[in-house]
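[1] what's the 3D shape of this:
(one chain, ligands or ions: 1)
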Amino acid sequence: MYPIRCFTCGAPIGDKFEKFKKLVDSGMPVNKAFEELRITRYCCRRMLLTHVEYIDDIVELDMLYMKKKYKR
Ligand SMILES: [Zn+2]
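    As a prediction, the model looks like this:
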């Protein structure tokens, strides 16, 4: 379930999760999706980026980063 408001500033973001997901899934870059939905504050952006649905992508990126780090 999506949080209705941003934990930090209290801006309503509950209605933006579905739209954000649709835009990103359609291939739009994340920063463009934020502009499209008029989400400007980074506390609100964090709410969308760190949602549980994206945790697999975050883990994958972290694994790639770690691999690169230990090659040096
Ligand atoms: Zn916020």
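
[2] Let's check: the centremost residue of the protein is which one?
    The C-alpha lying nearest the average C-alpha coordinate of the chain belongs to Leu49 (C-alpha atoms, centre = their mean; 1.6 Å).

[3] ok, it touching Val30?
    Yes - in terms of C-beta atoms under 8 Å, Leu49 counts as a neighbour of Val30; the distance is 7.2 Å. C-betas here are computed from N, CA, C, even on glycine.

[4] residue boundaries of the strands in the chain?
    For the chain, applying DSSP state E gives no strands.

[5] Residues of it that sit close to the ion?
    Applying C-beta under 5 Å from the ion, we find that the chain lies next to the ion at Cys6, Thr8, Cys9, Ala11, Arg41, Cys43, Cys44.

[6] Isn't the second one up against Cys43?
    Yes - contact between Thr8 and Cys43 holds when scored by C-beta under 8 Å: they sit 3.7 Å apart.

[7] List the residue ranges of this protein that fall below the pLDDT cut-off.
    52, 72 (pLDDT under 70).

[8] one step back: show me the residues around the residue nearest to the centre of the chain that make contact.
    Leu49 makes contact with Val30, according to C-beta atoms under 8 Å, 6 or more residues apart in numbering.
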